[in-house]
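test case, fold it:
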Amino acid sequence: MSTDHVDPGHGHSPAAWTSVTIMLIAVTIGTIAFFFEVQWLVWASAGLLVVGIIVGWVLSRAGYGVGGSKVAEKAH
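So this is what the prediction gives:
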């Protein structure tokens, strides 16, 4: 086994936290809407889920991802 290990950062970045928060809200809204049979809101929450993915990607490309230029790394 090689001892060379590159730590991917486990997603501890503003881009990851923002993306996951948006997606969790979307899933919560979608679940409640599904329970109450509000079909248009289920589809809207699916759209919000896609928005969360796009926001994460955009923030990562803007330097707010793991190892990004705008992120202050914390020492462990």
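
tell me the spacing between the most centrally placed residue in the chain and residue 44.
Nearest to the geometric centre of the chain sits residue 19, at 2.3 Å (Cα atoms, centre = their mean). Distance of residue 19 to residue 44, computed by Cβ to Cβ, to the nearest Å: 18 Å. Every residue, glycine included, has its C-beta placed from N, CA and C.

one more: residue 13?
Residue 13 is 27 Å from residue 44, where distance means Cβ to Cβ.

compare those two (neighbour count), which wins?
residue 13 (22 against 15; other Cβ atoms under 10 Å).

for the more buried one, phi and psi?
phi -150, psi 160 (degrees, to the nearest 10).

check the one 10 residues further on too.
When read as degrees, to the nearest 10, the backbone of residue 23 gives phi -70, psi -40.

nearest residue to it other than its sequence neighbours?
In space, residue 23 comes closest to residue 52 once its chain neighbours are excluded; the distance is 3.9 Å by Cβ to Cβ, 6 or more residues apart in numbering.

contact partners for the one you found?
Residue 52 sits next to 19, 20, 21, 22, 23, 26 when contact means Cβ atoms under 8 Å, 6 or more residues apart in numbering.

mind doing that once more with 10 Å?
Contact partners of residue 52, counting by Cβ atoms under 10 Å, 6 or more residues apart in numbering, are 18, 19, 20, 21, 22, 23, 24, 25, 26, 27.

next one: residue 64
For residue 64, counting by Cβ under 10 Å, 6+ apart, the contacting residues are 13, 14, 15, 16, 17, 18, 56, 58, 70, 71.
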